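Novice: Just a sequence and a predicted model for now, questions to come.
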Amino acid sequence: MNMTFALMLLTLFLSIFHFLYGYKEALRISNEDGRVNGVSVIFSIPLGFVFAILCTALYQQI
């Protein structure tokens, strides 16, 4: 297994993790009353997109 394939798998799993974590946090925040801290959602969803773009770029190199 070459390094590009391993990095692609790593970025794929990180992308899936960040999307799922952002979704879970958004559901948790939606049930809160009053002021909420949405920093985790603000950072996890864009990170999911960044890792998805990296995964696509690495996949095209294989």
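Specialist: It's in.

Novice: What segments of this protein are helices?
Specialist: If DSSP state H is used as the criterion, the helices of the chain fall at 3-30, 39-61.

Novice: buried stuff in the first one?
Specialist: What it means is helix 3-30. Within helix 3-30, the residues that qualify as buried are 8, 11-12, 14-15, 18-19, 21-22, 25, counting by 16 or more other CB atoms under 10 Å. All C-beta spots, glycine's among them, are computed from the backbone N, C-alpha and C.

Novice: Show me which of the residues you listed is closest to residue 61.
Specialist: Closest to residue 61 out of the buried residues of helix 3-30 is residue 8 (8.2 Å), distances taken as CB to CB.

Novice: so what's that closest one scoring on pLDDT?
Specialist: At residue 8, the pLDDT value in this model is 97.

Novice: and what of residue 34?
Specialist: The confidence metric pLDDT takes the value 88 at residue 34.

Novice: Residue 12 too?
Specialist: The predicted local distance difference test score for residue 12 is 97.

Novice: residues contacting it?
Specialist: With CB atoms under 8 Å, 6 or more residues apart in numbering as the criterion, the residues that contact residue 12 are 51, 55.

Novice: same check, this time on residue 58
Specialist: Contacts were defined as CB under 8 Å, 6+ apart; by that measure residue 58 touches 4, 7-8, 11.

Novice: can you pull the contacts of the closest residue to residue 55 other than its chain neighbours?
Specialist: Spatially, and ignoring its direct neighbours in sequence, residue 55 is nearest to residue 11 (4.1 Å; CB to CB, 6 or more residues apart in numbering). With contacts defined as CB under 8 Å, 6+ apart, residue 11 is in contact with 51-52, 54-55, 58.

Novice: ok, now with 6 Å
Specialist: Residues touching residue 11, when contacts are defined by CB atoms under 6 Å, 6 or more residues apart in numbering, comprise 51, 54-55.
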